[in-house]
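Trainee: Fold the following, please.
(chains A, B, C and D)
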2 protein chains.
Amino acid sequence: MSLPPLNERAQQLLKALIERYISEGVPVGSRTLSQATPFSLSPATIRNVMADLEMMGLIHAPHTSAGRVPTIQGYRLFINQLLTMRNLDEAQVDFLSGELRQASSSRQQLIETASQLLSHLTRYAGLVTLPRREHARLTQIEFVPLSGRRVLAILVMDDGEVQNRVLPVSRDYSSSELRKYSALLSEQLAGQEAARVREALLAEMDKVRSDLNTLMLEAIQLTEQALDAATPEPDLVISGQSNLVGLEDMGNLARMKRLFEAFETKRDILHLLDQSERAEGVQIFIGGESGYDPFEGCSLITAPYREQGRVVGYLGVIGPTRMPYDRVIPLVDITARLLGAAMSPGLETEG
Amino acid sequence: MSLPPLNERAQQLLKALIERYISEGVPVGSRTLSQATPFSLSPATIRNVMADLEMMGLIHAPHTSAGRVPTIQGYRLFINQLLTMRNLDEAQVDFLSGELRQASSSRQQLIETASQLLSHLTRYAGLVTLPRREHARLTQIEFVPLSGRRVLAILVMDDGEVQNRVLPVSRDYSSSELRKYSALLSEQLAGQEAARVREALLAEMDKVRSDLNTLMLEAIQLTEQALDAATPEPDLVISGQSNLVGLEDMGNLARMKRLFEAFETKRDILHLLDQSERAEGVQIFIGGESGYDPFEGCSLITAPYREQGRVVGYLGVIGPTRMPYDRVIPLVDITARLLGAAMSPGLETEG
DNA sequence: TTTGGCACTCTCACTCCACGAGTGCCAAAC
DNA sequence: GTTTGGCACTCGTGGAGTGAGAGTGCCAAA
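Mentor: Residues are numbered from 1 along each chain as shown, chains lettered A, B, ... in the order given. Next up, the predicted model:
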């Protein structure tokens, strides 16, 4: 896969060609490029270079008498080595952080706002995963009796996240009985990481069994049930999908349909985001590079966002591969930082 | 707007024409219609009738040498007077009720399943509004202290619905202090209809003021805040949007883009659903009939669904105006009934 | 190594044309 | 009076043909 060394001039021409193609959306020919570049070279010379670039698989001619278009490999090289980022518009940053601060009262709201901002500022589709809260600690457990042999379990985390779950139970419980369970368990479990609660429960169960403490046993069983039913809530918020309708470089209808199916199932997109797990900063998936053909013709720019310094989720933008990366990449980057800041309250939130 | 009386034969021809157009998607001409109808009439005769129908605005010729296509008025007449419903496939009904029963543990799940079923069975987009729960009664109020001068308020309704809200507060509250408020308020308010809680609170406030009972006063203020922040959760679940991508009768890309924008804002769709408020059963909006141009080329079939006999929401299908109404209408109808049944537990849920 | 020249290729937009489908109208038939 | 067959007419569609334009590859000269 190691390409032969690309000399400076060829790199600069490739860069110019891709920039031109991104801004114009039309295959670019040797004549155009000759005029657009600072080093004055004749079209013929440029043609020679272009032939080399094509040989290396970096550009490609749709047909004999058309100009050249970057291939996925070409985009890859461009992004990894040639791209010069554009400075962010100050007003945009202010707008972003203002909107996010305004939405920071509720976590859900924050996520949705971030997604909408991404789509709005890029004119593509914005994605934000819900924060994974593996390290959230349990603060409180409440049980509320409902009619018809059902109990509502409420798990409260220290970060304000709440999970509700209706449990079908084998007999009716009274309100005061349930309150006792809640009190007992909250005492036992408060401060535990959610992931650990199960172990703690089992340990407790052993202790309790020897006591034949049936009350506690039932409480534990209830909690187990509540944990089992870990809410499978939608873990990805997508905005601005309609921005992608009718972008001519998104290709034909069939392709667009597959893309929208991917938006609906969300699964493939989540897989893709998971792949960026290792990356520290912004990551870019170009076209079907990743083997998911629904994304042919599209690129995905992602970045992790942090809460209290810990990566808890990912956000990004999905748009056509022919995209102004020099603007979108910094935007995704800053949005991730600002979302992280808005999620980690305490420092400047009360300002 | 009263049309001149349409004789039997003209009606039957209109019906045949529309049925043919719906199944084939191509303008239908006099010759085709002459062969397709049981009463044998020559194409020439049929042409005469068609000319009348066109005069009345019920059908329309895209151009001189094309056949005829129903207008919106034609569809309207067809649906109101000529349509013969098709019997539901028994297997489909079983499938529907099975899937709904399986999802009936959580309300959110139920709504999403219904939406997906609608889209899956029709191959169009499914819509379900979240149930309005005006008459739900408050069962319990809980306050949980969070870090950084925030309090989590939890409102539990008697139907198992839970609303969470993080409230920024002016000072830190201790856990036990908040528990006192919860107890006090739950006692005062339990059993009230949510819509009435506010009044009850005000009344209570008056009583309390004279006592200078500051504790109660703070509790009341907290609750007020929590009510203010009535969760603006998404009130409409849409599924299968991608089914509409690439349906050739949906028209051009620009129109499709507007439709997808409507899906994202949801506002127009909710307005439209609200309009069906008065209707008892299935209602149909054809094309831009309602003045919303995003829906040009589309039809919306809606029906209210009931919980415990009370209308709490609407569901429906959005698809191209050229749609097999005889199948979709009964499907929407039965889905509404089955969803209502699945939502009103107690009778056959334990079966 | 770069450049100008030249023949070649391919797409795009346009025109022309024949075909088919369907209509409207009229006069004859029922 | 309604129905029908006939006929001229209209219009969209698809295929063939064409010229312009853009861009290439290659070669020989600078």
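Trainee: hmm, which helix or strand of chain A has the shakiest average pLDDT?
Mentor: Here the helix or strand of chain A ranked lowest by mean pLDDT, DSSP states H and E is helix A:214-228, holding a mean of 67.
Trainee: Could you identify the helix or strand that succeeds it?
Mentor: Remark: after helix A:214-228, the chain's next helix or strand is strand A:236-239, criterion DSSP states H and E.
Trainee: And A:P38, how far from A:Q12?
Mentor: According to C-beta to C-beta, to the nearest Å, A:P38 and A:Q12 sit 9 Å apart. Bear in mind the C-beta positions are built from the backbone N, C-alpha and C, glycine included.
Trainee: So which of these two has more stuff around it?
Mentor: A:Q12 (16 against 6; other C-beta atoms under 10 Å in any protein chain shown).
Trainee: Sticking with that one, tell me its helix or strand.
Mentor: helix A:8-24.
Trainee: for the stretch 151-300 of chain A, what are the low-confidence residue spans?
Mentor: When residues are selected by pLDDT under 70, those of the stretch 151-300 of chain A lie in A:159-160, A:194-195, A:208-219, A:222, A:225-234, A:277-278, A:290.
Trainee: sorry, back to before: and the helix holding A:Q12, C-alpha only, in CSV?
Mentor: C-alpha atoms of helix A:8-24 as CSV (Å, rounded to 0.1, in the frame of the first residue of the first chain):
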residue,chain,number,x,y,z
GLU,A,8,6.4,18.3,-4.1
ARG,A,9,5.0,19.6,-7.4
ALA,A,10,2.7,16.6,-7.8
GLN,A,11,1.4,17.1,-4.3
GLN,A,12,0.7,20.7,-4.8
LEU,A,13,-1.1,19.9,-8.1
LEU,A,14,-3.2,17.2,-6.4
LYS,A,15,-4.1,19.6,-3.7
ALA,A,16,-5.1,22.3,-6.2
LEU,A,17,-7.1,19.8,-8.2
ILE,A,18,-9.0,18.5,-5.2
GLU,A,19,-9.7,22.0,-3.8
ARG,A,20,-11.0,23.0,-7.2
TYR,A,21,-13.1,20.0,-7.5
ILE,A,22,-14.6,20.5,-4.0
SER,A,23,-15.5,24.0,-4.7
GLU,A,24,-16.8,23.6,-8.3
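Trainee: Tell me the first helix or strand C-terminal of it.
Mentor: helix A:30-36.
Trainee: Let me see the mean pLDDT of stretch A:328-343.
Mentor: Mean pLDDT, stretch A:328-343: 95.
Trainee: Does at least one residue of it sit close to chain B?
Mentor: No: counting by C-beta under 8 Å from any C-beta of the partner chain, chain B has no neighbours in stretch A:328-343; the shortest distance is 12.3 Å.
Trainee: and the stretch 101-250 of chain A, which of its residues are near chain B?
Mentor: Looking at chain B, the residues of the stretch 101-250 of chain A close enough under C-beta under 8 Å from any C-beta are A:105-106, A:139-140, A:142, A:144, A:146-150, A:152, A:154, A:156, A:158-160, A:162, A:164-166, A:168, A:239-242, A:245-246.
Trainee: Report the buried members of these.
Mentor: A:105-106, A:139-140, A:142, A:144, A:146, A:149-150, A:152, A:154, A:156, A:158-160, A:162, A:164-166, A:239-242, A:245 (16 or more other C-beta atoms under 10 Å in any protein chain shown).
Trainee: Return the subset of those lying in strands.
Mentor: With strands defined by DSSP state E, the entries of those inside them are A:139-140, A:142, A:144, A:146, A:150, A:152, A:154, A:156, A:162, A:164-166, A:239.
Trainee: residues in contact with the residue nearest to A:S119 when sequence neighbours are not counted?
Mentor: Of all residues not flanking A:S119 in the chain, A:G240 sits nearest, at 2.5 Å (C-beta to C-beta, 6 or more residues apart in numbering or on different chains). By C-beta atoms under 8 Å, 6 or more residues apart in numbering or on different chains, the contact set of A:G240 is A:115-116, A:118-120, A:123-126, B:264.
Trainee: Just want the phi and psi numbers for A:G240.
Mentor: Backbone geometry at A:G240, expressed as degrees, to the nearest 10, gives phi 70, psi 30.
Trainee: I'd like the distance between it and A:R327.
Mentor: With C-beta to C-beta as the criterion, A:G240 and A:R327 are 16 Å apart.
Trainee: Same question for A:Q92.
Mentor: Taking C-beta to C-beta as the measure, A:Q92 and A:R327 are separated by 10 Å.
Trainee: Kindly report the same for A:L82.
Mentor: For A:L82, the distance to A:R327 under the criterion C-beta to C-beta works out to 16 Å.
Trainee: can you list the residues of chain A near DNA strand D?
Mentor: For chain A, the residues in contact with DNA strand D (C-beta under 7 Å from any atom of the strand) are A:27-32, A:43-44, A:47, A:50-51, A:54, A:61, A:64-68.
Trainee: Can you show me the helices along chain A?
Mentor: A:8-24, A:30-36, A:43-55, A:72-77, A:90-102, A:107-122, A:175-189, A:194-211, A:214-228, A:253-265, A:267-275, A:325-343 (DSSP state H).
Trainee: Kindly report the domain assignment for chain A.
Mentor: Listed by automatic domain parsing, the domain ranges of chain A are A:8-82, A:90-132+A:234-343, A:138-228.
Trainee: hang on, the earlier thing: can you put the helices of chain A in CSV and add distance to B:F260?
Mentor: Shown next, in CSV, are these (distance: least, C-beta to C-beta, whole Å):
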stretch, distance to B:F260
helix A:8-24, 25
helix A:30-36, 35
helix A:43-55, 38
helix A:72-77, 27
helix A:90-102, 23
helix A:107-122, 12
helix A:175-189, 45
helix A:194-211, 37
helix A:214-228, 37
helix A:253-265, 8
helix A:267-275, 17
helix A:325-343, 21
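Trainee: Specify the stretch among those helices that is closest to B:R20.
Mentor: Of all those, helix A:253-265 sits nearest to B:R20, with 25.8 Å by C-beta to C-beta.
Trainee: Just want the angle from the closest one to helix B:253-265.
Mentor: Angle of helix A:253-265 versus helix B:253-265, following axes from the mean of the first three to the mean of the last three C-alpha atoms, to 10 degrees, is 0 degrees.
Trainee: Give me the angle between helix A:253-265 and helix B:107-122.
Mentor: Angle between the axes of helix A:253-265 and helix B:107-122 is 160 degrees (criterion: the same axes, to 10 degrees).
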